[in-house]
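>>> sequence? don't have it. structure:
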């Protein structure tokens, strides 16, 4: 399973979210059809751009509860003081991807920033 964890500034468009996802997939050497799920922190539930991007890509959107985000936060590799202050984890995108992919997940692409959006990719062990 390939999970795209997404973080963004308020009001980010589906196009901008899609650009970050595309950049992360390209960085990992994966095609768009490899993507199974988009995950984002539950506090981003009102971001229409994330929901629209998931819809356009034809994949489910998973809202990661804060406790699961924090549990996965220890496995992130990127660190943003701004994100820590706002979301409570070093990388919202990485933590969301890891949490949604499960306890055995690993990052295949760390946080990739494109404009106001970030995307990280995680996979469950045994599948890249």
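Great, that's in hand. The structure presented is a predicted model; accordingly, all values stated were derived computationally and were not measured.

>>> you'd agree residue 21 is up against residue 56?
No. Contact status for residue 21 versus residue 56: not in contact, 10.0 Å apart, counting by CB atoms under 8 Å. All C-beta atoms are positioned from the backbone trio N, CA, C, and that covers glycine.

>>> okay, the two: which has more neighbours?
residue 21 (26 against 12; other CB atoms under 10 Å).

>>> Please report how far that one lies from residue 41.
16 Å (CB to CB, to the nearest Å).

>>> Ok, residue 92 next?
Residue 92 is 5 Å from residue 41, by CB to CB.

>>> list the residues that contact both of these two?
Common neighbours of residue 92 and residue 41, using CB atoms under 8 Å, 6 or more residues apart in numbering, are 7, 69.

>>> These two: who's more crowded?
Taking neighbours as other CB under 10 Å, residue 92 and residue 41 compare with residue 92 leading, 31 against 27.

>>> Not counting sequence-adjacent ones, nearest residue to the more buried one?
residue 7 (3.6 Å; CB to CB, 6 or more residues apart in numbering).

>>> Do a quick rundown of the helices in the chain.
Using DSSP state H, the helices assigned to the chain run over residues 14-27, 48-57, 66-73, 81-87, 92-101.
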